[in-house]
Structure formats: C-alpha cells, structure tokens
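Enquirer: Have a look; sequence and predicted model below, questions after that.
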Amino acid sequence: MKLCELFGQGRTVFSCEVFPPKKTAPVDSIYQTLDGLKDIRPDFISVTFGAGGSQVNQTTREIAALIENQYHIPAMAHLTCVAAGKEDVDRLLSELKEDGVENILALRGDVNPAYPPKTDFKYAGELVRYIREQGDFGVSAACYPEGHLESPDPVSDIRHLKEKVDAGAQHLVSQLFFDNDDFFRFLERVRIAGINVPIEAGIMPVLSESSIQRMVSMCGASLPSKLTRILARYGDHPEALREAGIAYAIDQISDLIAGGVEGIHLYTMNNPDVAKQIAGSIASIRKV
C-alpha cells in the first residue's frame, strides 16, 4: 500500500519512526522495539537511514523488510542523498522491491564527517524525482514547520518544499516541533502555496533534558515557555521529566487532532513503552 492512500478516510493517521541499532548492537535487538510497537498497530513505521556507510543502510532495508513481511505493517525506508549515489539507490530500490517495501522517505540527510558524502544527488527533490522514475514506489519527503536551518527565509523554504512535491513527493512528514501554533501557521502557508499532499505532524516526546537540547540544536526547533518551565522544574528529576514530557506530547497531539491535522508521526527513539502510553491516550480521539 502506498502511504498516501491511508489519508482521507475520516480518521487521523498515526505512524512511528524507529532507527537501526548501533553498530555495537546486533540487528536482532530491533525486535524488542517492534514487538512493543506491533501492539499499537501504527498505520506505518518508518526506518531511518544513516550516513554511516553501506552496512548501516543495508540494515535499514532489512528492518523495513522485517516490518513489512513479519509484522505485516507498512514500512517506509529512509533514503538520503549524502549516503547514496545512483548505484546505491538502484541497488536499494531493487532490493526493497523484492522485499515488498513500497514506500520511501527521500531526504538530503546530514553529513557525517567520518564518511565522505555522495554527490549524485544534491537536493532531496532530485532524489524524489529519480525514485519516481525508477519504479512504482510511494515517495515521501520532509518538511520543516519552523523552516530548514539552511533556508534564508520562510518563502525560500516553502518554494523548495513545493519543488519536492512537484518532483513527485506524495506525502510529507514534518520535523519535530513543540509549539503547535508554528505548525498551524506553516500548514496555512503551504496550502496557500498550492501544496496539497497529506502532511503529518512530527512529535518527539521530551524524555531527558540533554537529549532534547541536542535535538533542538540539530534541527533548530524552538522551545516554548511552557516546555521551558517543564525542563526547569523537572530537569534534575528523570522520572518526573519523563512523565511531564509524555503528558506534553499527548497534549500536543490532542490539540493537533482537534485542529484537523491529517496525521501524527511519533519519533519513538526506539522506546516502545512510551509509544504505547501515548498511543493508548489518543486512541479514541484519533477516530473522531
């Protein structure tokens, strides 16, 4: 099933993201995460694609195939410009097709200094177009409610996003954000620009102060005063911060669904217990 077919059915799509285990961990360790996620039956699960060489990217393919064929949940495999040249893309597309994986998230990706970036595709839009030309894949792309870090202004950011959609992206997943007003303003701008594909709101629960500060520095998301107060109050109390962070994410999702968003994409950080707690709390409101 192409992921764009999930939308427009009278309910909010709910999906999750996982990442391959670290090099020091066996790929089988992903089973614990997937065993937990299968109970909440997300509409699909995406698998990240690192700039860590061919083995990491092969692991992405293996996990996507596992999700699709053993867990019988649609999988979306990430694919990045910086980690894959044309030969890599051709090979991976062929293998994904053999595995029954129909959906790909095409990204530019972040450069890992330890691995020289590939240069066949400079921008995600080029990769989107190439994938659409190579076979019958559902192709998704990323969007940035607060603008990409390298974008000079919001207008340029929306223009580049439209280029990805015009190249063939059928579905968009947003970068994480913590202020729903940022997302709603972004949604208004993209619809005015004629971008009409389904857009999922990317939500990352705040589980530790250090991890969220690291993510914010990497993606440029801002911290609203409400969340800043939570971090100040509970930052030195891990269990309290975990509960407050989960509550904040649930509140975000509830408000987004009330505002009519088409989908929620949960960045699970491979923590199925947190994903299950959040999914259970929003199960009824997703169906309204």
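Expert: Sure, I can see it.
Enquirer: Check residue 256 and give its pLDDT.
Expert: Per-residue pLDDT puts residue 256 at 98.
Enquirer: need the strands for the stretch 101-250 of the chain, in chain order.
Expert: Taking DSSP state E, counting those that start in this stretch, the strands of the stretch 101-250 of the chain run over residues 103-107, 138-143, 171-176, 199-203.
Enquirer: Check the contact between residue 174 and residue 140; I expect there is one.
Expert: No. Counting by CB atoms under 8 Å, residue 174 does not reach residue 140; the two are 11.2 Å apart. Where C-beta positions appear, they are placed from N, C-alpha and C, glycine not excepted.
Enquirer: Could you tell me which residues touch both of those two?
Expert: By CB atoms under 8 Å, 6 or more residues apart in numbering, residue 174 and residue 140 have no common neighbours.
Enquirer: Assess the claim that residue 93 and residue 133 are in contact.
Expert: No. Contact criterion CB under 8 Å: residue 93 and residue 133 do not qualify, at 10.5 Å.
Enquirer: quick revisit: what would the strands of the stretch 101-250 of the chain look like in CSV with distance to residue 185?
Expert: Below are these laid out as CSV (distance: least, CB to CB, whole Å):
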stretch, distance to residue 185
strand 103-107, 23
strand 138-143, 13
strand 171-176, 12
strand 199-203, 13
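Enquirer: nearest to residue 266, of those?
Expert: strand 199-203 (5.6 Å; CB to CB).
Enquirer: Show me the one of the strands of the stretch 101-250 of the chain that comes nearest residue 254.
Expert: strand 199-203 (11.0 Å).
Enquirer: so what strands line up beside the closest one?
Expert: Neighbouring strands of strand 199-203 in its sheet, by DSSP bridges, are strand 171-176 (parallel), strand 263-267 (parallel).
Enquirer: Could you check the angle the shortest one makes with strand 138-143?
Expert: Going back to what we said before, that points to strand 263-267. Relative orientation of strand 263-267 versus strand 138-143 (axes from the mean of the first three to the mean of the last three CA atoms, to 10 degrees): 70 degrees.
Enquirer: again, but for the longest one
Expert: Relative orientation of strand 171-176 and strand 138-143, computed by the same axes, to 10 degrees: 30 degrees.
Enquirer: Now strand 171-176 - C-alpha only, PDB.
Expert: Only the C-alpha atoms of strand 171-176 are listed here, as PDB (Å, rounded to 0.1, in the frame of the first residue of the first chain):
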ATOM      1  CA  HIS A 171       3.200  12.700   1.400                       C
ATOM      2  CA  LEU A 172       5.100  14.900   3.800                       C
ATOM      3  CA  VAL A 173       6.400  14.300   7.400                       C
ATOM      4  CA  SER A 174       7.400  17.300   9.500                       C
ATOM      5  CA  GLN A 175      10.500  17.800  11.500                       C
ATOM      6  CA  LEU A 176       9.800  17.800  15.300                       C
END
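Enquirer: for stretch 212-226, the distance to its chain's centre please.
Expert: 16 Å (CA atoms, centre = their mean, to the nearest Å).
Enquirer: Run through who's touching that stretch.
Expert: Here stretch 212-226 makes contact (CB under 8 Å, 6+ apart) with 110, 144, 146-149, 175-179, 182, 204, 206, 231, 245, 248.
Enquirer: What mean pLDDT does that stretch get?
Expert: Rounded mean pLDDT across stretch 212-226 is 87.
Enquirer: What's the end-to-end length of that stretch?
Expert: 15 Å (CA to CA, to the nearest Å).
Enquirer: In stretch 15-35, which of the residues would be classed as buried?
Expert: In terms of neighbour count (16 or more other CB atoms under 10 Å), stretch 15-35 has its buried residues at 15-21, 30, 33-34.
Enquirer: ok, residue 286 - how many residues close by?
Expert: Using other CB atoms under 10 Å, residue 286 has 17 neighbouring residues.
Enquirer: need the contact list for it.
Expert: Here residue 286 is in contact with 11-12, 14, 257, 264 (CB under 8 Å, 6+ apart).
Enquirer: if we go to 7 Å?
Expert: Applying CB atoms under 7 Å, 6 or more residues apart in numbering, we find residue 286 in contact with 11-12, 14, 257.
Enquirer: So which of these sit within strands?
Expert: residue 14 (DSSP state E).
Enquirer: Out of the contacts of residue 286, grab the one that's most surrounded.
Expert: Neighbour counts for these peak at residue 14, which has 24 neighbours (criterion: other CB under 10 Å).
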